[in-house]
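[1] After the sequence you'll find the predicted model.
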Amino acid sequence: MAPSTLSIRPALRADIPMLLDLYEHLIPGDERPSLDEAAKVLERFLCYDGSAIFLGETDGLLVSSCALVVVPNLTRGARPYGLVENVVTHRDYRQRGFGKEILDAASDAAWDAGCYKIMLMTGSKKPDTQAFYLRAGFEQSKTGFQKRCIPVREES
């Protein structure tokens, strides 16, 4: 069987239902917004120039995604920086390189938007997850802190 190829593109409003389905593979049982609420969030999200939710499709299915937010910045010569969040691959399609491909697409978009760096954080303590981000070209060179109003999700 030939390896599947991943087609990557930015999310559109019509993609919201299947994107919300895919997020079930990121945070099982997470509270799901209404379609109207999700559409409003996507609209606000896209107000940040260069930002996108990238979708990876293969075999006619949405199997991978990540969000890139390009944040305006007054340091580094006023070059923006990128934040990557909600990196997910459908559990039946993992270990095929799709996660790295979606992160590469987000990285390329960040560089095209003039970002001087891209950051992501993971709450996972799993060595496989951390190794995945290292293989995708990210380095563990900063210390992250967070303040939350909802509890940290349990790892499964």
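    Great, that's in hand.

[2] Find the centremost residue of the protein, please.
    In the chain, the residue lying closest to the centroid (Cα atoms, centre = their mean) is Cys66, at 1.8 Å.

[3] can you map out the strands along the chain?
    7-10, 52-58, 61-71, 81-89, 118-120 (DSSP state E).

[4] Nearest approach to Phe132 belongs to which of those strands?
    strand 81-89 (8.9 Å; Cβ to Cβ). Glycine gets a C-beta too; all of them are placed from N, C-alpha and C.

[5] ok, and for stretch 96-108, which residues are buried?
    By neighbour count with 16 or more other Cβ atoms under 10 Å, stretch 96-108 contains the buried residues Arg96, Gly97, Phe98, Gly99, Lys100, Glu101, Ile102, Leu103, Ala105, Ala106, Ser107.

[6] closest to Arg135 among the residues you listed?
    Scanning the buried residues of stretch 96-108 for proximity to Arg135, where the rule is Cβ to Cβ, the winner is Lys100, at 6.6 Å.

[7] That closest one against Leu134, yeah?
    No. In this structure, Lys100 is not within contact of Leu134 by Cβ atoms under 8 Å, at 10.9 Å.

[8] in the sheet, who's paired with the nearest residue to Asp49 once chain neighbours are set aside?
    Once flanking residues are discounted, Asp49 sits nearest to Val70: 6.2 Å by Cβ to Cβ, 6 or more residues apart in numbering. Going by DSSP bridges, Val70 is paired in beta bridges with Gly82.

[9] any idea how far the spatially closest residue to Met119 that is not a sequence neighbour is from Gly123?
    Spatial nearest neighbour of Met119, excluding adjacent residues (Cβ to Cβ, 6+ apart): Leu83 at 5.7 Å. Relative to Gly123, Leu83 is positioned 15 Å away (Cβ to Cβ, to the nearest Å).
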